[in-house]
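[1] Okay, predicted coordinates and the sequence, questions at the end:
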Amino acid sequence: MALRFFDTATRSVRDFVPLQEGKAGIYLCGATVQAPPHVGHIRSGVAFDVIRRWLLAKGFDVTFVRNVTDIDDKILARGVDQGIPYWDVAMRNERAFTAAYDVLGCLPPTYEPRATGHVPEMVALMQRLIDAGHGYAAQGDVYFDVRSFPEYGALSGQRLDDMKDAADADPRGKRDARDFAMWKSAKPGEPAWDTPWGSGRPGWHIECSAMAAKYLGETFDIHGGGLDLVFPHHENEIAQSKAAGGGFAQYWLHNAWVTTSGEKMSKSLGNSLLVEQVVQRVRPVELRYYLAGAHYRSMLEYSDEHVAEAGQGYRRIEGFLQRGAELLGISGSPEVESGSRPSAFDIAMDDDIAVPQALAVIHETVREGNAALASSDAEAVRSSFASVLAMVDVMGLNPWSEPWRGGTSDDRHEEVIDALVQVVLQQRQEARARKDFAAADAIRDGLDAIGITVEDTASGVRWTLG
Ligand SMILES: [Zn+2]
């Protein structure tokens, strides 16, 4: 079966046909770096990392561009509030985003352009739009004339006549209240760049149109972003880029939100949901498993309990892989054999990245593998092990791959926990040896109460968490 994506622009699932055989260009709208990321901000990075990894697994040469919006009203306002330059706010938060992507195992983008580094490209694009009759300058602002572009509204399925006014700029020079600003004239004390229309700074939408064209060409394969960007941001990107003559994105993919109590997660929930805070409470690999585990187009309701449940699911997979590696005598990182992926997994991933179905295949294979372990069927263990490893590798969840393996504080914590449990189990053995079964059972029950399951196996006592 061919790889297919749900394309927001056509509201249909379409076979993925790249512009150039074997290559895929993806532009993902990145962060506006006004604050450090909470869990909701980082979902699109994780969702598109899985999509990218699947394209890589299928042999595509992927160019992945994710921009940084490092100038905007909120960044400027924070700079003023804190008495520091806007770029200090932007840089600090860009680092926090990079740290969050890294800690969750997202591959670094091929290119990560910053808006402020691409003003000449934006000015050139606006000049083309003005020359072609799609844009106009008024009192130092530059607007896009939405009536000049008949397709306007197609992505979000709106008719121009039903649209609200664009509230993105002072409407003083607008010909139509729905025209949107590509460029905003300088205000006192704000950073500004010189242009033929006066000095000012870019609007958000022109940044992405200019940067996507620079790094992927005027026509490219996939544009991604959160569902909340469909309108006005992506609608406006399309208007600018297509009116300038490019074909722009051939497929539009949008990830759903992380919600809390059914609402889009917001900053008002406080710091406890910042990625840097959550990874203090949850192993990062388990947070990735949680964020990647839902279909990218499904809303994901956040709670610590849901993350904990996801963590148990991941630990089942990891536990099998660890026991399998032990039985198979594998030391160090086992080699990933991509040919070992079950076809049901590939079919699920090809079907608009159906991760829940793909995970079901992983868990089914883990069950088979655990049965093989229980009956000490080394050949069957080897086969399940290779399959599970190849599948989790595609999801960015291979426990032996970066950044999960070795040297992290989690691993040290695990070592310490293992040592503590061994001490307790030793006490239990001693209790049994002196036939004090009440004490032995009490120890076992105590461990059970904190989620540690003790098994007596032929090769000794084994414990598992979860
Ligand atoms: Zn964008």
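    Everything's here; your move.

[2] which residues are in contact with the helix-or-strand element of the chain with minimal mean pLDDT?
    Using mean pLDDT, DSSP states H and E, the weakest-scoring helix or strand in the chain turns out to be helix 409-433, at a mean of 77. By C-beta atoms under 8 Å, 6 or more residues apart in numbering, the residues outside helix 409-433 that reach it are 283-284, 437, 439-440, 443-444, 446-447, 452, 454, 461, 463, 465. Placement of C-beta: from N, CA and C, glycine included.

[3] cutoff 6 Å now
    283, 439-440, 443, 461, 463 (C-beta atoms under 6 Å, 6 or more residues apart in numbering).

[4] what's the answer for stretch 304-321, then?
    Outside stretch 304-321, the residues touching it (C-beta under 6 Å, 6+ apart) are 282, 286, 289-290, 293, 366, 369-370, 399, 464, 466.

[5] Need the nearest residue in space to the residue in the stretch 301-450 of the chain that the ion sits nearest to, chain neighbours excluded.
    Nearest residue of the stretch 301-450 of the chain to the ion: residue 353, at 20.7 Å (C-beta to the ion). What sits nearest to residue 353 in space, not counting adjacent residues and going by C-beta to C-beta, 6 or more residues apart in numbering, is residue 51, at 5.6 Å.

[6] Now name the helix or strand holding residue 325.
    helix 304-328 (DSSP states H and E).

[7] which of the residues in that helix are buried?
    307, 310-311, 313-321, 323-325, 327 (16 or more other C-beta atoms under 10 Å).

[8] model confidence over it, on average?
    Mean per-residue pLDDT for helix 304-328: 96.

[9] interface residues of the stretch 201-350 of the chain facing the ion?
    In this structure, the stretch 201-350 of the chain approaches the ion at residues residue 208, judged by C-beta under 5 Å from the ion.

[10] In contact with the residue of the stretch 201-350 of the chain found nearest the ion, which residues?
    Taking C-beta to the ion, the ion has its nearest neighbour within the stretch 201-350 of the chain at residue 208, 3.1 Å off. Listed by C-beta under 6 Å, 6+ apart, the contact partners of residue 208 are residue 237.

[11] Which helix or strand contains it?
    Residue-wise, residue 208 maps onto helix 204-216 under DSSP H and E.

[12] Ok, residue 336 next?
    Going by DSSP H and E, residue 336 is not in any helix or strand.

[13] For this structure, which residues score under the pLDDT cut-off?
    406-415, 458-459, 466 (pLDDT under 70).

[14] one more time with 50, if that's ok
    Low-confidence segments of the chain (pLDDT under 50): 407-409.

[15] Please report phi then psi for the closest residue to residue 46 other than its chain neighbours.
    Nearest non-adjacent residue to residue 46, counting by C-beta to C-beta, 6+ apart: residue 291, 4.5 Å away. Dihedral pair for residue 291: phi -70, psi -40, per degrees, to the nearest 10.

[16] what's the answer for the one 5 residues further on, then?
    Main-chain torsions, residue 296, degrees, to the nearest 10: phi -60, psi -20.

[17] excluding its backbone neighbours, what's nearest it?
    Using C-beta to C-beta, 6+ apart, the closest residue to residue 296 is residue 47 (3.9 Å).

[18] would you say the one you found is within a helix?
    Yes. Counting by DSSP: H, G, I helix; E, B strand; the rest coil, residue 47 is located in a helix.

[19] these two touch, right, residue 219 and residue 247?
    Yes. Between residue 219 and residue 247 there is a contact under C-beta atoms under 6 Å: 3.3 Å.

[20] between those two, which one's more packed in?
    residue 219 (16 against 12; other C-beta atoms under 10 Å).

[21] Within the helices and strands, which one has the nearest residue to residue 369 once chain neighbours are set aside?
    Nearest residue to residue 369 in three dimensions, chain neighbours excluded: residue 384, at 3.1 Å (C-beta to C-beta, 6+ apart). Assignment of secondary structure by DSSP H and E places residue 384 within helix 378-394.

[22] and that helix with helix 304-328, angle?
    140 degrees (axes from the mean of the first three to the mean of the last three C-alpha atoms, to 10 degrees).

[23] Report the buried residues of helix 378-394.
    Buried, per 16+ other C-beta under 10 Å, within helix 378-394: 381-394.

[24] Could you do stretch 21-36 as well?
    Quick answer for stretch 21-36 (16+ other C-beta under 10 Å): 24-36.

[25] now do the same end-to-end measure for it.
    38 Å (C-alpha to C-alpha, to the nearest Å).

[26] and that stretch, anywhere near the ion?
    Yes. For stretch 21-36, a contact with the ion is found by C-beta under 5 Å from the ion, at residue 29.

[27] Give me the distance from that stretch to the chain's centre.
    Its chain's average C-alpha position is 10 Å from that of stretch 21-36, according to C-alpha atoms, centre = their mean, to the nearest Å.

[28] do the same with stretch 101-118
    Worked out by C-alpha atoms, centre = their mean, stretch 101-118 lies 12 Å from the chain centre.

[29] Same check on stretch 282-290?
    Worked out by C-alpha atoms, centre = their mean, stretch 282-290 lies 12 Å from the chain centre.

[30] How about residues contacting stretch 20-39?
    Counting by C-beta under 6 Å, 6+ apart, 18, 48, 55, 60-70, 72, 74-75, 90, 93-94, 96-97, 100, 212, 216, 220-225, 229, 258, 273-275, 278, 302 sit against stretch 20-39.

[31] swap in stretch 386-393?
    Counting by C-beta under 6 Å, 6+ apart, 336-338, 340-342, 345, 362, 365-366, 398 sit against stretch 386-393.

[32] change it to 8 Å
    317, 320-321, 324, 334, 336-342, 345, 358, 361-362, 365-366, 369, 398-399, 401.

[33] Remind me which helix or strand the residue lying closest to residue 258 once chain neighbours are set aside belongs to.
    Distance criterion C-beta to C-beta, 6+ apart; nearest residue to residue 258, sequence neighbours excluded, is residue 40 at 4.0 Å. Counting by DSSP H and E, the element that carries residue 40 is helix 39-57.

[34] Next SSE downstream of that helix?
    Next along from helix 39-57, by DSSP H and E: strand 61-66.

[35] where does the helix holding residue 384 sit relative to the chain's centre, distance-wise?
    Using C-alpha atoms, centre = their mean, the offset of helix 378-394 from its chain centre is 25 Å.

[36] So what angle separates the directions of that helix and helix 39-57?
    120 degrees.

[37] Can I get helix 378-394 in CSV, CA atoms only?
    Output in CSV follows, covering the C-alpha atoms of helix 378-394 (Å, rounded to 0.1, in the frame of the first residue of the first chain):
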residue,chain,number,x,y,z
ALA,A,378,15.0,-18.6,22.0
GLU,A,379,14.2,-18.6,18.3
ALA,A,380,10.8,-17.1,18.9
VAL,A,381,12.2,-14.6,21.3
ARG,A,382,14.8,-13.6,18.7
SER,A,383,12.1,-13.0,16.1
SER,A,384,9.8,-11.0,18.4
PHE,A,385,12.8,-9.1,19.7
ALA,A,386,13.9,-8.1,16.2
SER,A,387,10.4,-7.1,15.2
VAL,A,388,9.7,-5.0,18.3
LEU,A,389,13.1,-3.3,18.1
ALA,A,390,12.6,-2.4,14.5
MET,A,391,9.1,-0.9,15.2
VAL,A,392,10.1,1.1,18.2
ASP,A,393,13.1,2.4,16.4
VAL,A,394,10.8,4.0,13.8
